[in-house]
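S.K.: Structure for this input, please:
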Amino acid sequence: MKRNGFKVFSFISATIIFCVFAFVTLIAAAAVDEGTDGNNFVIQAMAKIYYIFRFPIHTLFFRFIEGPFFFFVGLLLNCLFYGFLTERIVFIFDRKKSN
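M.R.: Residues are numbered from 1 along each chain as shown. Next up, the predicted model:
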């Protein structure tokens, strides 16, 4: 059987980084929604980036996500998705580099 070369450390690292970014952009989006951003360009840009981090779970299944599911299911699954995607992209580039 052939191994797929899945690197757990890369996956966990990428997932943690995406969770931090998702949480920071969520706070920025909340600040813009509440009007407490002070018209700061950086905060408004981070709030717009939140729409990237909320894809695919919040975008596709928003009507099913309520209360604690918003954080624990929605954002966590999005971060896991992006972590997996990042790990696979790094694996492909490493494989092409070694050939």
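S.K.: Quick check: phi and psi on D37?
M.R.: phi -80, psi -10 (degrees, to the nearest 10).
S.K.: From L60, how far off is it?
M.R.: Look at D37 and L60: by Cβ to Cβ, to the nearest Å, they are 28 Å apart. C-beta here means a position set from N, CA and C on the backbone, and glycine is covered the same way.
S.K.: The two - which one has more neighbours?
M.R.: D37 (18 against 9; other Cβ atoms under 10 Å).
S.K.: So which elements touch the helix ranked longest in the chain?
M.R.: When the chain is parsed with DSSP state H, its longest helix is helix 8-34. Counting contacts by 3 or more Cβ pairs under 8 Å, 6 or more residues apart in numbering; DSSP states H and E, helix 8-34 packs against helix 41-53, helix 76-98.
S.K.: right, so of those, which gets closest to C19?
M.R.: Of all those, it is helix 76-98 that lies closest to C19, at 4.4 Å by Cβ to Cβ.
S.K.: just how off-centre is that closest one within its chain?
M.R.: 13 Å (Cα atoms, centre = their mean, to the nearest Å).
S.K.: Kindly report the same for stretch 91-99.
M.R.: Using Cα atoms, centre = their mean, the offset of stretch 91-99 from its chain centre is 24 Å.
S.K.: remind me which residues of this protein are low pLDDT?
M.R.: 1-3 (pLDDT under 70).
S.K.: Apply 50 and report the result again.
M.R.: 1-2 (pLDDT under 50).
S.K.: sorry, back to before: now the helices and strands packed on helix 8-34 as JSON lines including distance to A28 and mean neighbour count?
M.R.: Converted to JSON lines, those look like this (distance: least, Cβ to Cβ, whole Å; neighbours: other Cβ atoms under 10 Å):
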{"stretch": "helix 41-53", "distance to A28": "4", "mean neighbour count": "15"}
{"stretch": "helix 76-98", "distance to A28": "16", "mean neighbour count": "14"}
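S.K.: Thanks a lot, catch you later.
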